[in-house]
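# Sequence and predicted structure are below.
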Amino acid sequence: MRVRWWIGLTCSVILSLTFLLLSLHSTAASPVRQEGQNLLQDGDFEWSAPWEIQDGRGEIQAAPGWRAWWLNRPPAFVGRPHNCGGSDEGCYWAVPEFRDVQRAAYDYRVHGGYQAQKYFTYGRMHWAGLMQTVANIQPGSRLRFSAYMEAWMCFRFEDCDRGKSSDKPAEMHLKIGIDPNGGDNPFSPDIVWSSEQAAWDEYVLFQVEAVAKNSTVTVFTHSRVDWDWARANNDVYVDDASLVIVGQAPTTVPTKPPARVVQPAQSLPAQPKSTSTPTRTSTPTPTITPTPTDTPLPTETPVRRVVTLPPEDTATPAPGSWVNKAIGSDESSSGGFMGVAFLVVALVLGVVLAGVVVRQRAAPRPGK
């Protein structure tokens, strides 16, 4: 009778431990990214504004999940505009100010919802954008990054329909990109960029696809103001961004190369070498350089800044689940988990059987 009782108890303990370990393993696993799901945090920029200040700089406010990036000093190929009156680069180059823009005040600057992200330089060029790193990506997943962007460039405010249109736009170099390795350098050669598009005074959809090479990827928006004489307003607007999984990268199957056919040697005519090199036609320099006198939009007060580029942030890995650490499991392997599960079951079974033997030996025998 006692032996049957111990056998039943042993079976109950083994089943309970098995179900417990299976439930812990399922809850400890990282969430699976679903195909078609927007993986970006606040991709529609609808999080209640004003947003948090970045790195203690009051002029930098990016939507939650996003970070602003910029080039602090102009690159060597950027020349000084002829109507720049200052003696240093601060008269034509600056770090943009990042803000939200509300539909209630500027309906024509919001694509969807009630607000969008805006950044701008007043009377100065910039090279800047937004970035966001996304984790828990299955390497080999094909990703599509999409975002709507709009630009406004104005020289004379009264000629720009009071801020609704651009009068003399030059270049803004708008595009978006994906770093499939999850890096945070907007100038990395690993980034896959979309083609550039003009988006003056209307939102234009930008899209780019890339295959993830890591468990994290980073998306970027990009703009670079480019003119030879200064414009007062240089604004960029971003709204309704998304990062979705569109499938897995196709597996390449090696094929056997065709047999080589040896052809009789032939003498080919020498190719003529071009002796002329195309030259770029210079653009005539404007002779009139009026300075806008009207007061610009209240949020675009000219501010001259001489700043230093903050040190690059280092990605801090998210702390792993203690259950995953204990059982040695990850998203792609369950060998460690199963090994530990069998070890625990074997240990409990040994303890129970040892108890049975001890109790049988201790029980009084008939006739004694």
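Received the coordinates, thanks.

# in its sheet, what does the longest strand seen in the chain sit against?
The single longest strand within the chain, with elements called by DSSP state E, is strand 233-248. In the sheet, strand 233-248 lines up against strand 115-122 (antiparallel), strand 141-154 (antiparallel) (DSSP bridges).

# Show the subsequent helix or strand relative to the first one.
Toward the C-terminus, strand 115-122 is succeeded by strand 127-134 as the next helix or strand (DSSP states H and E).

# show me where pLDDT drops low in the stretch 201-350 of the chain?
Applying pLDDT under 70 to the stretch 201-350 of the chain flags residues 250-348, 350.

# mind listing what's buried in the longest strand of the chain?
Counting neighbours by 16 or more other CB atoms under 10 Å, one finds that the buried residues in strand 233-248 are 233-245. Just so you know, the C-beta spots here come from the backbone N, C-alpha and C atoms, and that holds for glycine as well.

# And these, which two are furthest apart?
Largest separation among these by CB to CB: Asn233 and Ile245, giving 38.1 Å.

# Now do Arg224 against Trp93, distance only.
Arg224 is 11 Å from Trp93, where distance means CB to CB, to the nearest Å.

# More neighbours: the two, which one.
A count of neighbours by other CB atoms under 10 Å puts Trp93 above the other of Arg224 and Trp93, at 23 against 18.

# residues in contact with the more buried one?
Neighbour list for Trp93: 73-74, 78, 124-126 [criterion: CB atoms under 8 Å, 6 or more residues apart in numbering].

# Give me the number of neighbouring residues for His82.
By the criterion of other CB under 10 Å, His82 has 12 neighbours.

# And it, which helix or strand is it part of?
Under DSSP H and E, no helix or strand contains His82.

# what's the answer for Leu349, then?
Using DSSP H and E, the element containing Leu349 is helix 335-362.

# Would you mind splitting the protein into its domains for me?
Following automatic domain parsing, the chain resolves into domains at 2-29+329-361, 53-250.

# Switch those domains over to CSV; also include distance to Phe45.
Compiled in CSV, the domains of the chain are given as follows (distance: least, CB to CB, whole Å):
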stretch, distance to Phe45
domain 2-29+329-361, 30
domain 53-250, 5
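
# Out of these, which one sits most buried?
Of all the domains of the chain, domain 53-250 has the most neighbours on average by mean count of other CB atoms under 10 Å, namely a mean of 19.

# quick one, strands of this structure?
Using DSSP E, strands in the chain cover 53-54, 57-61, 67-70, 97-102, 115-122, 127-134, 141-154, 175-179, 192-193, 204-211, 217-224, 233-248.
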